[in-house]
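Q: okay, predicted coordinates and the sequence, questions at the end:
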There are 2 protein chains.
Amino acid sequence: MADVKIFLVLALMLIFAIVGILLSKRFRQPVSVGIIILGILLGPSVLGIAEYDSTVAIIAQLGSIVLLFVAGLNSNIKEIYTKRNFYVALYGALFPIVGGFVVSWLFGFDIYQSIFIGATLTATCLGITSSVLREIGKIKTETAKAMIGAAVIDDIISLSILSIVLSVPQQVGAGTIMLQLLLVMGFVLAMLFFGERLLTWIIDYFTDKVIRHSPRLAFVLGLSLVFLFSYIAHILGLAAIVGAFLTGVCLSKSKAVNILLAGSEYFEIIFTSVFFISIGIVVDLFAFVSLFWFIIALTAVAIITKMIGSGYTAYKMGFKKKDALIVGVGMAPRGEVAFIIALNGFLLGVITKEIYSAIVFMSFLTTVITIVLLKYLYNAKGSKSVSEEIDFIDLKVRR
Amino acid sequence: MADVKIFLVLALMLIFAIVGILLSKRFRQPVSVGIIILGILLGPSVLGIAEYDSTVAIIAQLGSIVLLFVAGLNSNIKEIYTKRNFYVALYGALFPIVGGFVVSWLFGFDIYQSIFIGATLTATCLGITSSVLREIGKIKTETAKAMIGAAVIDDIISLSILSIVLSVPQQVGAGTIMLQLLLVMGFVLAMLFFGERLLTWIIDYFTDKVIRHSPRLAFVLGLSLVFLFSYIAHILGLAAIVGAFLTGVCLSKSKAVNILLAGSEYFEIIFTSVFFISIGIVVDLFAFVSLFWFIIALTAVAIITKMIGSGYTAYKMGFKKKDALIVGVGMAPRGEVAFIIALNGFLLGVITKEIYSAIVFMSFLTTVITIVLLKYLYNAKGSKSVSEEIDFIDLKVRR
């Protein structure tokens, strides 16, 4: 029987998460930032109440599956995909990975670690940008739509990069990378083109014909598909979360999507809380001192490469200068996906706990700086809008 | 990082659970019976696809916590508690534990095993009885109400007995048992009298004042309280699930109860599925042959002792002879709580896998026999009612 202490740890994780959420709201920061900080407090660096053991690892892993499934369910690929968004996302991923690689290499990390750190810089977390835009009434603009579209495509690109980085052995060979790249692209395209029809057909047939009187069973089927495709992604050598995300995308057009979303809603609250708390528990506060200059440099690179990769591309694709700048700044924050990539790297032993912690701090800094820059760009005063229900998952605002 | 094979196992568990649920509906059996049979199929006895490892153990353990929390939320103690129901429940628990002990002892099991087997005979699972009564239109009768009330009280008594049995060392001493009995009664009474006010105040204050704009956070708080009190129950030497159940009871009158129920709804579907599948996975089919006569004897004792303990008590408390007989038969099925007690015993090494399996088979048989007897008692033809949404948790019908 598993150790009953897990109940105490879970209780504390949830209570600390609640406090983190409330503090985030008060200081107008993304929910994830507050929860992670409370996680750091709970972990070995400060209070030492909880530590990252195998049980917490399982829960966090299931949490990342649920988070990315929901992110997928909320992504409407066909409406989001435009050539412009694609290029804003693509260059917004390529510049950061190269920039991150170079700065890490210059700071003395080995090739493989440097590639990995670069990979964590790829994905945009749009939560904070969206909430700033909403607060100042700019969420329906063309600029906002472009950022939202590009951020979703960005996720797919980042997860593909993660899959490649994870599967490439320490001895990097060009042939292996190409093969892996083809496999990843094949899987992603197969899921988007055939998987969507197949999975939608399965769940809709099942909902309409088999379980008419028990619609909630569609949620059970949906979750079983998520786990199945996470596993398939894994045996193909990709990250399991890529499978979870794409399953969400595939099911996002099915008739059962409302049941899937309703069912995921509360799972998401719990798993988000536990996931971000565990992200914090792993953080080593000491790394903030020992890797201080690296964190500063990485943060600068993270922001500048998005401004060039996404911002300048947006300008080239027809945006006005100021709007292009907003796209560049708005896409700078890193969040969920960066944490998930970093955690994967730490758990697989590719990066050390110090590097992992540095990535988490970089993510915090990009968020804070974005808020300041965005408000400056819009000349907006902090309006006193009534806070709405917390966007639990920052990802959800992309809908 | 936890083994990714867990995703495959979870996917298969959920898919098999869906099939089990659909088969249960078709053959008009309780949902748990169908899922467990499919679990046996998935487990080492037949297909050998899944086995009970530490990951499945954690999930099943969390599952039993959620199941009993929801059972508690759905129990309205103050409306249910009447002197008559209490005695029907009390004698309906005492006769089976004594009967189960004696028959096990006669079959050569040691004292501690025999006490444990007796304890698994205490709790009534009212799911199947309720659905039969509903089918034949007798769910609103006084008899049905008495059974529902007694079944809830029965749960508390059974869980208390479990707590005592679990905490008593192999060397049974009268002093230890008395002390443990006092502790259990103290905890149960403290929770019912003070805990209800305290927990209701906490969650309602929190919901009204702190998280007005984020009602879903009440669910996070509710779950953290469940885990906290499960842990407290455990350190007091009681079964953790007793804490979970009583937390549910305490929160059942709070204003947040609807959010707690809504949040638990989908957790419950998933955890019920996984829990009953894992109950099946542990079953050793061979035990059905090797312990055949013991299973038959245990089943006979299980039914007869409820008919005497609950049925005869009901008669003495003023029910007509036939209605008292219906109470006795209707309370005979064993379900969730018996499984949970048996699983606890197996995981703690008190009972062998064979005995565990025998208890599961006994539980099946009580269910099937009850259906036949109840329909005979009511002279009811199997009506062709449209099946409503599955009562996922048979416990829920008690509401």
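A: Thanks, I have the structure now. Numbers count the residues shown, from 1 in each chain, chains lettered A, B, ... in the order given.
Q: residues touching A:Met13, list them.
A: Counting by Cβ atoms under 8 Å, 6 or more residues apart in numbering or on different chains, A:Met13 touches A:39, A:42, A:50, A:273-274, A:277-278, B:224. Backbone N, C-alpha and C define where each C-beta goes, glycine included.
Q: now do 10 Å
A: Residues in contact with A:Met13 (Cβ atoms under 10 Å, 6 or more residues apart in numbering or on different chains) are A:35, A:38-39, A:42, A:49-50, A:56, A:59, A:270, A:273-278, A:280-281, B:224, B:227.
Q: quick check: mean pLDDT of the host helix or strand of it?
A: Using DSSP states H and E, A:Met13 sits in helix A:5-26. Across helix A:5-26, the average pLDDT comes to 88.
Q: right, and the helix or strand after that helix?
A: Per DSSP H and E, the helix or strand that comes after helix A:5-26 is helix A:31-42.
Q: for that following helix, packing partners?
A: Judged by 3 or more Cβ pairs under 10 Å, 6 or more residues apart in numbering or on different chains; DSSP states H and E, the packing partners of helix A:31-42 are helix A:5-26, helix A:127-135, helix A:257-282, helix A:336-347, helix A:353-377.
Q: distance to B:Val9 added to those helices, as CSV?
A: Output for the helices and strands packed on helix A:31-42, formatted as CSV (distance: least, Cβ to Cβ, whole Å):
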stretch, distance to B:Val9
helix A:5-26, 19
helix A:127-135, 33
helix A:257-282, 18
helix A:336-347, 19
helix A:353-377, 28
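Q: ranking the ones you listed by mean pLDDT, which is last?
A: Note on the helices and strands packed on helix A:31-42: helix A:127-135 shows the lowest mean pLDDT, a mean of 72.
Q: thinking again about what came up before, buried residues in the helix holding A:Met13?
A: Under the neighbour-count criterion of 16 or more other Cβ atoms under 10 Å in any protein chain shown, helix A:5-26 has A:6-18, A:20-25 buried.
Q: if we can go back for a sec, among the helices and strands packed on helix A:31-42, which is nearest B:Phe286?
A: helix A:5-26 (32.5 Å; Cβ to Cβ).
Q: wait, A:Thr200 touches A:Val257, no?
A: Yes: counting by Cβ atoms under 10 Å, A:Val257 is a contact partner of A:Thr200 at 9.3 Å.
Q: find residues that contact each of the two.
A: Taking Cβ under 10 Å, 6+ apart as the contact rule, A:Thr200 and A:Val257 both touch A:Leu251.
Q: how many other residues sit next to the residue in the stretch 51-200 of chain A positioned nearest to chain B?
A: Chain B sits closest to A:Ile58 of the stretch 51-200 of chain A, with a gap of 4.7 Å, by Cβ to the nearest Cβ. If you count neighbours by other Cβ atoms under 10 Å in any protein chain shown, A:Ile58 ends up with 19.
Q: so for it, what pLDDT did the model give?
A: Looking at A:Ile58, its pLDDT stands at 76.
Q: which helix or which strand is home to it?
A: Using DSSP H and E, the element containing A:Ile58 is helix A:54-73.
Q: tell me what angle that helix forms with helix B:54-73.
A: Angle, helix A:54-73 to helix B:54-73, by axes from the mean of the first three to the mean of the last three Cα atoms, to 10 degrees: 70 degrees.
Q: run the chain-centre distance for helix A:54-73.
A: In terms of Cα atoms, centre = their mean, to the nearest Å, the centre of helix A:54-73 is found 11 Å from the chain centre.
Q: buried residues in it?
A: Buried residues in helix A:54-73 (16+ other Cβ under 10 Å): A:55-73.
Q: buried ones only from the contacts of A:Met13, please, as a PyMOL command.
A: Selection of buried members from those for PyMOL, criterion 16+ other Cβ under 10 Å:
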select buried, (chain A and resi 35+38+39+42+50+56+59+270+273+274+275+276+277+278+280+281) or (chain B and resi 224+227)
